[in-house]
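**Q** heads up, no residue letters with this:
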């Protein structure tokens, strides 16, 4: 049961901005799969839910030159079913495949997943590793930020009476990528830990890990180590050491202990490396 | 052997697939009020003050009820320690503190949020072993003040409300003689039943103190008695009706929300009041399940004979005791597992803790004690360096053995050895297709289960022939997915030798006019209500013969009932069709001979007694069922992820009534318990707030966990003397040995021993990596 | 606060005035008495309340009634007179894929939608369609077998 609120389905961006200005507690609803669950448990409801589902300018997956632009209102199902995404940004295909369940994917949007900024979000580590840029639209026009500037804390993104418009990823610089996660059951579950890896066109790596820090976690030393020619157990021990020394996941998590999460970072990284053909089943081989 | 006629599909299938089957929440009545419950936000606290002022100002509020409205209403099943709403003190996070009644649920919610409660928090204690410590806070300060319906052997000035003792043989001697003594502690945490349908009840009182209630309950008669007792009314004043349940699993067999619903409805006579739990409430405000820590100290000889065992069991039973008393007893005397142990001592404690009260759950303490026992058997075999199968087979109960209760095991109790060997052999046959970074393990467990019930727990059935030769059957037992109504119909058809389509069975229950049934529990409905159906049929056949004798003008003793007709044994050409005499015989001139055939069948378990207070022995278990179970698992060495490849059970079912439904019960039970093996555990914060009261963080098995699993179920059929055509109940047994089967499989795969459930991916991995330097 | 919505439910057009905070599940069950749609969790996590919204399965407990303004909803009640439903029902009957029956309508909606998408679903597609549905009784074996029977 939800507590009373008002609801307005808007037809254009102007209406959104007006409603956002009208009351700071007004909230945007897109797929509602995160928001409505949160509202059920919330002490207070927003005054008005602003339904932006009809804003076509925030939808769709487009290739523009060497970039792919994904509208914030694109559903997870659309991402999963996009041949373009599967071919060019495999990590996002994998993230979409692991996301929620079929019915949830039909409603949930990539924008919603990003603006809720949960530590284990499917579209957290994956878009961080791909060095995504986000486009934000407000009354004064469009701004663009790198994702790590936009998504700056748990549940916090840089939006002030603005909307996330799209996510832009350079496919040329991200030829190979992978996303992996660990859950408690197969089927519908949240990620207990997740990891994404992009092998850049210049041969360097970008790796990100979720639920081990307040925001998707990257460590340049790990990315450096991945540049080594042949991975051995020693490589991964070094990576483990770096993780152990640098992250301290929340001890109160119900989903996994800090100790396990830290270990799983390395296990999932290995899965990502295997996905992009950089590591065999046998570590030394 | 009798051929049991088979339905093409369970009788409620069409209604359920099409969504036409009505569950409690599908009922509503004009002017019905919604009851919303303000629940304690503390696990243990004094209620200092409740301020309703602001809440009462909300438009549309009919009534707000708090503990101050309680006069002397007490829920007293075995121990009168429980009020429908907290009075002065709350004992678990989720306990009712106030109830708002309104026709408009949003207004009720608004008012609920405006109720101000001031608490003085007290120290909470969540686990039995902490709650029995000397300095533990007392959850019930004066147990001696409580009225009791039985002597629970509580400990004064302690949180122990039930102490069951069992003493058999001379344990001290056994420990002296032992070649080895093996001591371990096994933990089975509290869980949730998570029926897909949460609890619900609708009650209405009439001005003359009569009440009608619709409830999602496995035990309408039991609920009636409890409510009548609470209001000091005669039972017939209360009518309880129930229909299809969206899952029960024992969680709807004890009284749960029904006394509260009845209590609050009494303030608004002539109005229906509906209370339906949200999913969160179903987790923390209804009955929860399990929660036992078992210490085993086993004396063995070097060739693998168990000569003695000491068992201590500490059940974390939650804030109120009635629904756990018999769990403590059953866990106690079944902790031997299916083995003969000459020198055996048990101390089984029911301990108050600041959690929701624990009630019955599929398996009823057998899974807790089998988790300990069958892991212990595996570990004993390892420590002695002998084969675990040999160890089990050497110690198993066989005809002539004396079990823990002092009962002699008979041939008719079932083929335990046969079941075990079947599973062992099947396990040996399984070949595994190995993959990189994975290890594999097979794990096995033997099981024994006895039902737990009141010594006077009757079941009954009615049979009524109609003018056209069809008959209406009614049998005790609630339909909650186990298929009891289909099975009862099959049993009746087999016994009556009539085609299935001639019999209609009533599916819903009303305490006003349905045949009495104590509770639908303990896998006893096929066995007990089935026996009552047979009794009703036998009486009906006798009546049919009486009618036929009058019509044919022969002696009743010379007639044979053949189903569609009653035949004169001395001359087969002389007979009368059953449909011509079942309503009395109507002659052409209108003369009626004989009487309409309507019979009532009953069964009450024979010779059950309470256990002896000192030895814990006695005839407390009416029957036994044996079996064996196994799993084959694949474990990812980099993550601890576990995939179930095979799951099997062999069980001596006595006689299978419906092979397909029977398989469904076994498979369903095994998978439900797999949840407990791998993930399910209610988690509490330090102050005792339940932290995972939703499906987000209480993970039950999903379709994808089982999609590639191969199941095998083997039925043995050693007839049980009482059950219809020799049938035993089998609804719970799938759960009993699954956790140790997983534990043993993990041990065989990785050489690690885990003693506490659940066996999460994390726990498996961290146990593999005890030193913390595993090559990842 | 309430405002009118226009929606087609089970091929019937409705103009309804309902509160903004009403979920689609509440609209269907409490206003239209379509009680074949079940509430198992209210949180989008169990699948018992699955209905088709413009022919795609959604969890009606986390969709607002006002979100279906101008859209089409099909519930189990709208399905049950179709030939497709009969096939699903027969498969469930053959495998005894129902026990308590509370989750069943949700599974049926998911399976109907799966078969709309593809006549011969692969294992992966079956897993995808059923993955978010919970059943506490059957252990899923019989449900999986029923779906495979339809392929």
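**A** Looks like it came in fine. Quick caveat: nothing in here was measured; it's all calculated off a predicted structure.

**Q** from here on, just use CA atoms for contacts and neighbour counts.
**A** Noted.

**Q** elements contacting the host helix or strand of residue A:245?
**A** According to DSSP states H and E, residue A:245 maps onto helix A:233-246. In terms of contacts (3 or more Cα pairs under 8 Å, 6 or more residues apart in numbering or on different chains; DSSP states H and E), helix A:233-246 is packed against helix A:220-225, helix A:258-275.

**Q** and the ones you listed, which is most packed in?
**A** Of all those, helix A:258-275 carries the top mean neighbour count, a mean of 22, counting by mean count of other Cα atoms under 10 Å in any protein chain shown.

**Q** for the helix holding residue A:245, the distance to its chain's centre please.
**A** 24 Å (Cα atoms, centre = their mean, to the nearest Å).

**Q** return the residues in contact with the closest residue to residue B:222 other than its chain neighbours.
**A** Sequence neighbours aside, residue B:518 is the residue nearest to residue B:222 in space, at 5.9 Å (criterion: Cα to Cα, 6 or more residues apart in numbering or on different chains). Taking Cα atoms under 8 Å, 6 or more residues apart in numbering or on different chains, we find residue B:518 in contact with B:219, B:221-222, B:457-459.

**Q** ok, so of these, who is nearest residue B:765?
**A** For the contacts of residue B:518, the residue nearest residue B:765 by Cα to Cα is residue B:219; the value is 42.8 Å.

**Q** I'd say that closest one and residue B:256 touch.
**A** No: counting by Cα atoms under 8 Å, residue B:219 stays clear of residue B:256, with 10.6 Å between them.

**Q** look up how far residue B:446 lies from residue C:147.
**A** Remark: distance between residue C:147 and residue B:446 (Cα to Cα, to the nearest Å) = 33 Å.

**Q** please apply the same query to residue B:684.
**A** 33 Å.

**Q** same question for residue A:235.
**A** On the measure of Cα to Cα, residue A:235 and residue B:446 end up 46 Å apart.

**Q** for the two, indicate the residue with more neighbours.
**A** Ranked by neighbour count (other Cα atoms under 10 Å in any protein chain shown), residue A:235 and residue B:446 place residue B:446 first, with 34 against 16.

**Q** which SSE is the more buried one in?
**A** With DSSP H and E as criterion, residue B:446 is part of strand B:438-449.

**Q** and the helix or strand following that strand, which strands flank it?
**A** Counting by DSSP H and E, the next helix or strand C-terminal to strand B:438-449 is strand B:459-465. Sheet pairing of strand B:459-465 (DSSP bridges) gives strand B:471-475 (antiparallel), strand B:598-603 (antiparallel).

**Q** ranges for the strands of chain A?
**A** A:6-9, A:27-29, A:48-51, A:61-64, A:67-71, A:133-138, A:141-146, A:151-153, A:156-157, A:163-170, A:176-182, A:193-199, A:205-210 (DSSP state E).

**Q** and residue C:33, which of those is closest to it?
**A** Comparing those under Cα to Cα, the one sitting nearest is strand A:6-9, at 24.1 Å.

**Q** which residues are in contact with that closest one?
**A** By Cα under 8 Å, 6+ apart, strand A:6-9 touches A:47-54, C:1, C:20-21, C:66.

**Q** please compute how far that strand lies from its chain's middle.
**A** 27 Å.

**Q** the helices and strands packed on helix A:233-246 into TSV, with extra columns for mean pLDDT and distance to chain B?
**A** Output for the helices and strands packed on helix A:233-246, formatted as TSV (pLDDT from 0 to 100; distance: least, Cα to the nearest Cα, whole Å):
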stretch	mean pLDDT	distance to chain B
helix A:220-225	97	15
helix A:258-275	97	6
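
**Q** wait, which of these is closest to chain C?
**A** For chain C, the closest of the helices and strands packed on helix A:233-246 is helix A:258-275, at 18.8 Å, according to Cα to the nearest Cα.

**Q** ok and that closest one relative to strand A:205-210, angle-wise?
**A** 140 degrees (axes from the mean of the first three to the mean of the last three Cα atoms, to 10 degrees).

**Q** quick one: contacts of helix A:258-275?
**A** So helix A:258-275 is in contact with A:177-182, A:192-197, A:207, A:209, A:211-212, A:236, A:239-240, A:243-244, A:247-251, A:279-281, B:638-639, B:762, B:765-766, B:776, going by Cα under 8 Å, 6+ apart.

**Q** how about stretch B:71-89?
**A** Contacts of stretch B:71-89 (Cα under 8 Å, 6+ apart): B:44-48, B:66-68, B:70, B:95-98, B:143, B:146-150, B:226-227, B:229-231, B:259-260, B:263, B:320-323, B:325.

**Q** what is the end-to-end distance of it?
**A** OK, stretch B:71-89 end separation, Cα to Cα: 15 Å.

**Q** what comes up buried for it?
**A** By neighbour count on 16 or more other Cα atoms under 10 Å in any protein chain shown, the buried set for stretch B:71-89 is B:73-87, B:89.

**Q** tell me how far the strand or helix carrying residue B:674 lies from the chain's centre.
**A** Remark: residue B:674 resides in helix B:659-678, with elements defined by DSSP H and E. Chain-centre distance of helix B:659-678: 14 Å, with Cα atoms, centre = their mean.

**Q** packing partners for whichever helix or strand comes after that helix?
**A** Where DSSP H and E defines the elements, the next helix or strand beyond helix B:659-678 is helix B:703-706. On a contact count with 3+ Cα pairs under 8 Å, 6+ apart, helix B:703-706 meets strand B:642-652, helix C:123-130.

**Q** how does it look with 7 Å?
**A** Here helix B:703-706 touches no other helix or strand, going by 3 or more Cα pairs under 7 Å, 6 or more residues apart in numbering or on different chains; DSSP states H and E.

**Q** ok, and for that helix, which residues are buried?
**A** Those would be B:703-706, for helix B:703-706 by 16+ other Cα under 10 Å.

**Q** rounded mean pLDDT for that helix, please.
**A** In this model, helix B:703-706 has an average pLDDT of 98.

**Q** hmm, back to that, which among the contacts of helix A:258-275 count as buried?
**A** Judged by 16+ other Cα under 10 Å, buried ones among these: A:177-182, A:192-197, A:207, A:209, A:211-212, A:236, A:239-240, A:243, A:249, A:279, B:638-639, B:762, B:765-766, B:776.

**Q** which sections of chain A are below the confidence cut-off?
**A** Along chain A, the model assigns pLDDT under 70 to residues A:282-285.

**Q** how much space separates the spatially most central residue of it from residue A:52?
**A** Nearest residue to the geometric centre of chain A (Cα atoms, centre = their mean): residue A:123, 1.7 Å. The gap separating residue A:123 from residue A:52 is 20 Å, by Cα to Cα.

**Q** quick revisit: redo the contacts of strand A:6-9 as JSON lines? Include distance to chain B.
**A** Output for the contacts of strand A:6-9, formatted as JSON lines (distance: Cα to the nearest Cα, whole Å):
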{"residue": "A:47", "distance to chain B": "15"}
{"residue": "A:48", "distance to chain B": "17"}
{"residue": "A:49", "distance to chain B": "18"}
{"residue": "A:50", "distance to chain B": "21"}
{"residue": "A:51", "distance to chain B": "22"}
{"residue": "A:52", "distance to chain B": "26"}
{"residue": "A:53", "distance to chain B": "26"}
{"residue": "A:54", "distance to chain B": "29"}
{"residue": "C:1", "distance to chain B": "12"}
{"residue": "C:20", "distance to chain B": "12"}
{"residue": "C:21", "distance to chain B": "9"}
{"residue": "C:66", "distance to chain B": "17"}
